[in-house]
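Trainee: I'd like to go over a predicted model; first the sequence, then the structure.
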Amino acid sequence: ILSNNKNYMDKIDNMSNDTISSIHTGSLLALYMSVIEMKKFGIKYAHQVVKNAKTLGKSLAKYGVDIPTLKKDVTETHQVWIDTGSINPLKAYEMLARCNINTNPIRIPAIQKMGIRLGTAEITRLGMKEKEMKQIAKFISEILFDSKNKTSIKREVIKFCSKYQKIYFTLDNYNTESNTISSTNNNSIKKQRFEIHAIRNNKKGISYEKFATEYAENIFAKI
C-alpha cells in the first residue's frame, strides 16, 4: 500500500501491526533462493517442462486417451488436458488418485466441459524426462481404460516413483566453480541454518527490524 499522504500511511502502519502479517524473513529467503535458481536454471527447466508435457500428451493419445488440443501440438505449457469421455471426470480423478497419480479435475476451455488437467512442473524437477512421460502415460491409460488390477498398478507407480527422490534445477546441485550440476556438491544451502528466531533470542536489546536486516544480508552474502 503506497501513498504520499503521511497521515494515511501513519494510520495504515498503526493498524497493520494487528491486521497484517508481512514480515516473514524465512519466506523472503526462500523466495530469494528460488529467484536465484530460476536465474541459473530457469530456461533449461522451462524447456524440459514443455518437452515433457508434449511427450506426455502425445503418448497418452497413442494409448487412446482423448487429448482435446492434440491438433495444436498438444501444449505449449506445463499442462496437458484429458477429455475423459464416458468416464465422469471426478471418477477418473478418484481412480488415478487411488493409484498414487495426482491430477486436477477442471473445466477445460477447449471442450467446454469438465476434464482432467495434468502438469509436468513437479515431475520435471524430480529429474523425469521424455522416457518417463511415456511410462506415466501408460500408467494413466491402464488405470482409466484397462481391466488390469488397480492394486498392482499402484505398486508399479510406487516402485517407479521411488527412483526419483532427488530434486534437480536447484542450488543444492550447483557447483559454483565449474558452473555445472554435480553429484558431489557441497550442499551450500543445506549448511545454512535459517533459525532466525532462535538466534534472535540470544541477542537482547536489538530491534527485530535491524536484526532481520543484518541476518538476511549475512545469509545472502554466504549464498
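Mentor: Alright, I've got the coordinates.
Trainee: Would you map the strands across this structure?
Mentor: Assigned by DSSP state E, the strands in the chain fall at 79-82, 104-108, 113-119, 174-175, 180-181.
Trainee: Quickly compare those strands and say which is most buried.
Mentor: Greatest average neighbour count among those goes to strand 79-82 (a mean of 25), per mean count of other C-beta atoms under 10 Å. The way it works is simple: take the backbone N, C-alpha and C, and place the C-beta from them, glycine included.
Trainee: who does it touch, helix- and strand-wise?
Mentor: Here strand 79-82 touches helix 25-62, strand 113-119, going by 3 or more C-beta pairs under 8 Å, 6 or more residues apart in numbering; DSSP states H and E.
Trainee: which one of those lies closest to Ile87?
Mentor: With distances scored as C-beta to C-beta, the stretch of the helices and strands packed on strand 79-82 nearest to Ile87 is strand 113-119 (9.3 Å).
Trainee: Now do the closest one against helix 25-62: the angle between them, please.
Mentor: Interaxial angle of strand 113-119 relative to helix 25-62 (axes from the mean of the first three to the mean of the last three C-alpha atoms, to 10 degrees): 120 degrees.
Trainee: helices or strands up against strand 113-119?
Mentor: helix 25-62, strand 79-82, helix 89-98, strand 104-108.
Trainee: Mind doing that once more with 6 Å?
Mentor: strand 79-82, helix 89-98, strand 104-108 (3 or more C-beta pairs under 6 Å, 6 or more residues apart in numbering; DSSP states H and E).
Trainee: Point out the most buried one among the helices and strands packed on strand 79-82.
Mentor: strand 113-119 (a mean of 19).
Trainee: before we move on, the earlier item: okay, the helices and strands packed on strand 113-119 in JSON lines with distance to Ala121 and mean pLDDT next?
Mentor: Listed next are those as JSON lines, based on distance: least, C-beta to C-beta, whole Å; pLDDT from 0 to 100:
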{"stretch": "strand 79-82", "distance to Ala121": "9", "mean pLDDT": "95"}
{"stretch": "helix 89-98", "distance to Ala121": "17", "mean pLDDT": "96"}
{"stretch": "strand 104-108", "distance to Ala121": "12", "mean pLDDT": "93"}
